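just a sequence and a predicted model for now, questions to come.
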2 protein chains.
Amino acid sequence: MPSSVQRKRIRKSPADRRAEIVDAAASIALTEGLECITLRRIGEQLGVRPGLISHYFPAVEDLVAEAFGSAASAELDRLIPAERPDGTPTEHLARFFARATGEAYDDMSRLWINARHLRRYRPVLRDRVGVQEDAWVGRLSGLLRAGVERGEFRTDDPEVVAMQILVVIDGLGAYSNSVIDNCPPAVTRMAVTTAERELGLPSGALIRTTPN
Amino acid sequence: MPSSVQRKRIRKSPADRRAEIVDAAASIALTEGLECITLRRIGEQLGVRPGLISHYFPAVEDLVAEAFGSAASAELDRLIPAERPDGTPTEHLARFFARATGEAYDDMSRLWINARHLRRYRPVLRDRVGVQEDAWVGRLSGLLRAGVERGEFRTDDPEVVAMQILVVIDGLGAYSNSVIDNCPPAVTRMAVTTAERELGLPSGALIRTTPN
DNA sequence: TTGTTTATTGGTCGGACACTCAATAGCATC
DNA sequence: GATGCTATTGAGTGTCCGACCAATAAACAA
């Protein structure tokens, strides 16, 4: 009868254990915040002693950065899959906005704010945030460029438009869970509006009618 | 020969001491971050023992909220003075953008991110952030409304435009000290562009030529 | 000058944190 | 079933934090 407390040691391969630790840290980062990534908290989550986390990450700061990077890149893959098997750029962009401006994105929105603040004190995290910003701008502008090539979007500089869209999304994220919660659509739809305007699309072109 | 360490006690009126503490905390919040507001840190700054800070603020959380509120409302007064002795709404709005998108605003930008993150763990701060958001939206929409009344701006809903402008400013703030640092004007000028578009102004109407 | 009030001190307490390291015990291999 | 490697533990170090409180000494009134 194994009680709730771990009785027997479970010995895993370093690669597995490390991945498990990063996953746990990323999950905690999304739900509770990056400052809740502590040796004790992660150890508790995995049913393991704090010292073990130190063994894999001698400096917690590295785990924090890794957790953020892991969560952010996973979310980016969900927003704009690197492999796009089917669908037009317009459909993919609509899908992007459907998720990035919905409730499902709230945790990620908070995590971005969390990371942007915490990077002030954590050099390693600062670098990671920079890498992820580049990745997000890169992935989104890639999608926009594809749309321009297929004649669906019209803009001179897809990268600038990508930045503009992300700036608006981050601005809205800052206000989420706030005054703006029950707020006119002219505000909540700002990100989509910006995209439609800058890409020469008619109003409503990026609103998906079929959930997916 | 009074050494650098305080030799003699200096006894002040509760009102003075309290104001002094809040000022010190607000200054530290702007330069080092809200989590650096500790009994020891503030006490050191004022040449006073940590216990004294506890005496005036039995719970540090209240001081943190007060410090944020103090810094934010002071900055708001600087951006859009409540008393507007002279100048047109257009001039005042141009002045607002000159400061709110310049380097002088970087500390405040960081502080907003700081507070928006930390409110997750600090209920008292959460309320303060809400109050300040209302104050900022209120003050800015008041200025826009004045402009509409004088026929300088054209919009159906000044409050919505105020929110839109603030969303963009916060979004840009999130990216400041980042990739976007050396970034095309189409991005850095987004806040002004938004205002000009939503208020029916010609491009450049809100760019001040004379520093003030 | 004396006495009263109270702003301020000095010290203590428990808790949470990251980090270190010798000892222990899974697990694969033989 | 015995052996060796090493993943994992347990225990301890030092730091910083907020909170608490009795003792102290300024400032002021009598």
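Cool, got the structure.

for chain A, where's the lowest mean pLDDT among helices and strands?
When each helix and strand of chain A is scored by mean pLDDT, DSSP states H and E, helix A:185-188 comes last, with a mean of 94.

what's the local residue count around the nearest residue to A:A59 once chain neighbours are set aside?
With Cβ to Cβ, 6 or more residues apart in numbering or on different chains as the criterion, A:A59 has its nearest non-adjacent residue at 7.9 Å, and that residue is A:V124. Heads up, the C-betas are built off the backbone N, CA and C, glycines and all. For A:V124, the neighbour count with other Cβ atoms under 10 Å in any protein chain shown is 16.

over to A:C183?
For A:C183, using other Cβ under 10 Å, the count is 17.

how near is the closest residue to A:F153 other than its chain neighbours to A:F96?
In this structure, A:F153 finds its nearest non-sequential neighbour in A:G147, 3.7 Å apart by Cβ to Cβ, 6+ apart. Using Cβ to Cβ, to the nearest Å, we find A:G147 at a distance of 11 Å from A:F96.

equivalent analysis for A:E20, please.
With Cβ to Cβ as the criterion, A:E20 and A:F96 are 30 Å apart.

which of the two has more residues huddled nearby?
A:F96 (23 against 16).

check which helix or strand covers the more buried one.
helix A:89-100 (DSSP states H and E).

what ranges does chain A have for its helices?
A:14-31, A:39-46, A:50-56, A:60-79, A:89-100, A:106-118, A:123-149, A:158-175, A:185-188, A:190-198 (DSSP state H).

which of those helices is buried the deepest?
Neighbour counts (mean count of other Cβ atoms under 10 Å in any protein chain shown) averaged over each of these peak at helix A:158-175, with a mean of 24.

closest to the centroid, which residue in chain A?
By Cα atoms, centre = their mean, the mean C-alpha position of chain A lies nearest to A:A72, the distance being 3.5 Å.

ok, and the closest non-adjacent residue to the residue of chain A at minimum distance from chain B?
Proximity of chain A to chain B (Cβ to the nearest Cβ) peaks at A:G171, 2.8 Å away. Setting aside the residues directly before and after it, A:G171 is nearest to B:G171 in space (Cβ to Cβ, 6+ apart), at 2.8 Å.

what of A:L52?
Closest to A:L52 by Cβ to Cβ, 6+ apart is A:G43, at 6.5 Å.

for the one you found, give me its contacts.
Taking Cβ atoms under 8 Å, 6 or more residues apart in numbering or on different chains, we find A:G43 in contact with A:49-53.

ok, and which of those reach DNA strand C?
A:50-51 (Cβ under 7 Å from any atom of the strand).

mind putting the contacts of A:G43 into a markdown table with pLDDT?
Output for the contacts of A:G43, formatted as a markdown table (pLDDT from 0 to 100):
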| residue | pLDDT |
| --- | --- |
| A:R49 | 97 |
| A:P50 | 98 |
| A:G51 | 98 |
| A:L52 | 98 |
| A:I53 | 98 |
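
include distance to A:T31 when you put the contacts of A:G43 into TSV, please.
Supplementary listing: the contacts of A:G43 in TSV, determined by distance: Cβ to Cβ, whole Å:
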residue	distance to A:T31
A:R49	23
A:P50	20
A:G51	24
A:L52	22
A:I53	18
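
out of the contacts of A:G43, the closest to B:F153 would be?
A:I53 (56.2 Å; Cβ to Cβ).

so the residue nearest to the centre of chain A touches A:E133, yeah?
No - between A:A72 and A:E133 there is no contact under Cβ atoms under 8 Å: 9.3 Å.

and A:A98, how far is that from B:G204?
36 Å.

cool, and A:L111?
Distance from A:L111 to B:G204, by Cβ to Cβ: 38 Å.

and chain A, which residues reach DNA strand C?
Counting by Cβ under 7 Å from any atom of the strand, chain A sits next to DNA strand C at A:8-11, A:37-41, A:50-51, A:54-55, A:57-61.

hmm, try it at 10 Å
A:7-13, A:35-44, A:49-55, A:57-64 (Cβ under 10 Å from any atom of the strand).

who are the contact partners of A:V148?
A:154-155, A:158.

what about A:Y121, how many neighbours?
With other Cβ under 10 Å as criterion, A:Y121 counts 13.

chain B contacts on chain A?
Contact residues (Cβ under 8 Å from any Cβ of the partner chain) of chain A with chain B: A:33, A:110, A:112-114, A:116-118, A:120-121, A:129-130, A:133-134, A:137, A:157, A:160, A:163-164, A:166-172, A:174-175, A:178-180, A:183-184, A:186-187, A:190.

swap in 6 Å and give it another go.
A:113-114, A:116-117, A:133, A:160, A:163, A:167-168, A:170-172, A:174, A:178-179, A:184, A:186-187 (Cβ under 6 Å from any Cβ of the partner chain).

before we move on, the earlier item: what's near enough to touch the residue nearest to A:G171?
A:167-168, A:170-171 (Cβ atoms under 6 Å, 6 or more residues apart in numbering or on different chains).

and what of A:F97?
A:192, A:206.

pLDDT weak spots in chain A?
A:1-7, A:179-181, A:209-212 (pLDDT under 70).

let's see that with 50 instead.
A:1-4, A:212 (pLDDT under 50).

find the nearest non-adjacent residue to A:L93, please.
A:L93 sits nearest to A:L206 (Cβ to Cβ, 6+ apart), 5.8 Å away.
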